[in-house]
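Student: Below is the sequence, then the predicted model.
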Amino acid sequence: MSYAIIRNAKYKRENLMAVYRHDERKNKHYSNKDIDRTKSHLNYSLKEPEFNYVKEFDKILKKYDLKGQIKTVSNIACEYMITSDNDFFKRIGEEETKRYFATAYKFVCEYKDLGEKYILSAKVHYDEKSPYLHLLFLPVAHTVDKKGNPIDKLACSEFGKAKDSYRQLQNAFFEYMVSNGFELQRGLPKEETDRVHYTLKEYKNITNYEQAKEKLQNMKLKLPNVPDIKLKDDLINELYQDKLMLQQELLRKSKIFEKAEKYQKERDKIMSDNANLYNEVEQIKAEYKQKEFEIEWKYKNKIKDLEKENSRLNKIIDKFYETIDNLYIGFVKSFIWVQKII
């Protein structure tokens, strides 16, 4: 039976443009060879952003007056990548596949009372080996401030603060999809499988993958036919079965690492895109700083000119008042003199 698959990724502000170009298929070239651009027209949105992800984030942040401190190192957005295996989607057909992703979208809206308004984008991809839903959202926690007033707070750490938050997500997603009529199974937790997550390089070293891959390439993968005659020696039969198992294991391992290498290349491409984006941002900052300096210098000179003009006008006004005072004194003296004569 197929699995209900939901994966979580967290992004800083500097990552959002690269994610936007990937999810919305804005790039011209992709390192992921599984992307078939001739099928990209089949992709569709369950929620389409009005702007790119950075501007969309700023719009939502301002519109709903979200609280919380946002630093350069803060994770400000999360992405759920939702799918199952390709056989599952082929089995249920096109209409049920669309219902699968629509149901998953509704699950995210309801999970932890997030609300649809905090979803940045929800894009279904049909141009990869299996259909995928890329759902980007703001991790908003519904909490209270120090005075006890209810607030919506942008806080990735609080949205998934429980130690087993990922397991809770997996369980909740599985139960929700099954309750909506999809025949799926829940993957075993790592405590039961005793599975440890390693990096691609670490896993290769642990499993001696490179050596195994070399042996596999030099080996005939076509399994030999069992001889018609009865094997007299049990040891020969045992060795023969071991060889079959070894071939199958090496083939399985090869497929696993082909996928791992594909995802590693895609990650490297994203990191490269992020670095290019960072350089672009730094260049824009430098240009903005230069323009800011020029504007400041320009208005400083204008202010100085206005101050000089103001000082000159004050002197003229003072002179005017002095003249008025002198005229008034002269008038009074003349009036007194006339009175004396009379």
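Tutor: Yes, it's here.

Student: Would you quantify the distance from M271 to Q69?
Tutor: 26 Å (C-beta to C-beta, to the nearest Å). Just so you know, the C-beta spots here come from the backbone N, C-alpha and C atoms, and that holds for glycine as well.

Student: and if you look at A4?
Tutor: 35 Å.

Student: just to revisit the earlier point, for M271 and Q69, work out which one has more neighbours and name it.
Tutor: Higher neighbour count among M271 and Q69: M271, with 12 against 8, using other C-beta atoms under 10 Å.

Student: Let me know the secondary structure of the more buried one.
Tutor: helix (DSSP: H, G, I helix; E, B strand; the rest coil).

Student: before we move on, what about H142?
Tutor: H142 ends up strand, using three-state DSSP.

Student: Let me know the secondary structure of I35.
Tutor: Classified using three-state DSSP, I35 is coil.

Student: count of neighbours near it?
Tutor: I35 has 18 nearby residues by other C-beta under 10 Å.

Student: so it touches Y126, yeah?
Tutor: No. Look at I35 against Y126 with C-beta atoms under 8 Å: they stay out of range, at 10.7 Å.

Student: Could you pull up phi and psi at the nearest residue to S130 once chain neighbours are set aside?
Tutor: Using C-beta to C-beta, 6 or more residues apart in numbering and skipping residues adjacent in sequence, the residue nearest S130 is N86, 4.3 Å away. Backbone torsions for N86, taken as degrees, to the nearest 10, come to phi -60, psi -40.

Student: And the helices in the stretch 101-250 of the chain?
Tutor: 156-159, 165-179, 190-193, 200-207, 209-217, 234-341 (DSSP state H, counting those that start in this stretch).

Student: least reliable of those going by mean pLDDT?
Tutor: Looking at the helices of the stretch 101-250 of the chain, the lowest mean pLDDT belongs to helix 200-207 (a mean of 46).

Student: Return the set of residues that bridge with the nearest residue to L66 once chain neighbours are set aside.
Tutor: Distances taken as C-beta to C-beta, 6+ apart place L154 nearest to L66, at 4.5 Å, with adjacent residues excluded. L154 has these beta-bridge partners by DSSP bridges: V140.

Student: L154: what's it in contact with?
Tutor: By C-beta atoms under 8 Å, 6 or more residues apart in numbering, L154 lies in contact with L61, L66, K67, G68, I70, I76, L138, P139, V140.

Student: distance of the second one from C109?
Tutor: Same thing as L66. Counting by C-beta to C-beta, the gap from L66 to C109 is 17 Å.

Student: Tell me the spacing between the residue nearest to S130 and A9.
Tutor: 21 Å.

Student: ditto for L138
Tutor: Applying C-beta to C-beta to L138 and A9 gives a distance of 14 Å.

Student: Strands of the stretch 1-150 of the chain, residue ranges please.
Tutor: Applying DSSP state E, counting those that start in this stretch to the stretch 1-150 of the chain gives strands spanning 5-12, 44-47, 75-83, 119-125, 132-137, 140-144, 150-154.

Student: what's in contact with the fourth one?
Tutor: This points to strand 119-125. Contacts for strand 119-125 (C-beta under 8 Å, 6+ apart): 20, 23-24, 43-49, 53, 56-57, 60, 77, 98, 101, 105, 108-109, 131-138.

Student: still on that earlier bit, spit out the residues that contact L138 and A9 alike.
Tutor: C78.

Student: In terms of neighbours, single out the busier of those two.
Tutor: L138 (24 against 14).

Student: Quick one: residues contacting Y111.
Tutor: L169, A172, F173.

Student: One more pass at 7 Å, please.
Tutor: By C-beta atoms under 7 Å, 6 or more residues apart in numbering, the residues touching Y111 are A172.

Student: now it: how far from S334?
Tutor: From Y111 to S334 the distance is 95 Å (C-beta to C-beta).

Student: What of M177?
Tutor: Counting by C-beta to C-beta, the gap from M177 to S334 is 105 Å.

Student: Neighbour count for those two, which is higher?
Tutor: M177 (21 against 10).

Student: and that one, how far is that from L246?
Tutor: Note on M177: its distance to L246, by C-beta to C-beta, is 38 Å.

Student: One more: K47?
Tutor: 49 Å.

Student: swap in H134?
Tutor: Taken as C-beta to C-beta, the span from H134 to L246 is 39 Å.

Student: How about Y105?
Tutor: 45 Å.

Student: Also I151?
Tutor: Relative to L246, and taking C-beta to C-beta, I151 is found at 60 Å.

Student: try S334
Tutor: 128 Å.

Student: and D127, how many neighbours does it have?
Tutor: Using other C-beta under 10 Å: D127 sits among 18 other residues.

Student: Please tell me how far K55 sits from L120.
Tutor: 10 Å.

Student: go on, R91?
Tutor: 31 Å.

Student: So for these two, which sits in the more crowded spot?
Tutor: Neighbour comparison, R91 and L120: the larger count goes to L120, with 25 against 13 (by other C-beta under 10 Å).

Student: and the residue lying closest to the more buried one once chain neighbours are set aside, what does it touch?
Tutor: Of all residues not flanking L120 in the chain, L136 sits nearest, at 4.3 Å (C-beta to C-beta, 6+ apart). Taking C-beta under 7 Å, 6+ apart, we find L136 in contact with V19, D23, Y53, A77, E79, L120, S121.
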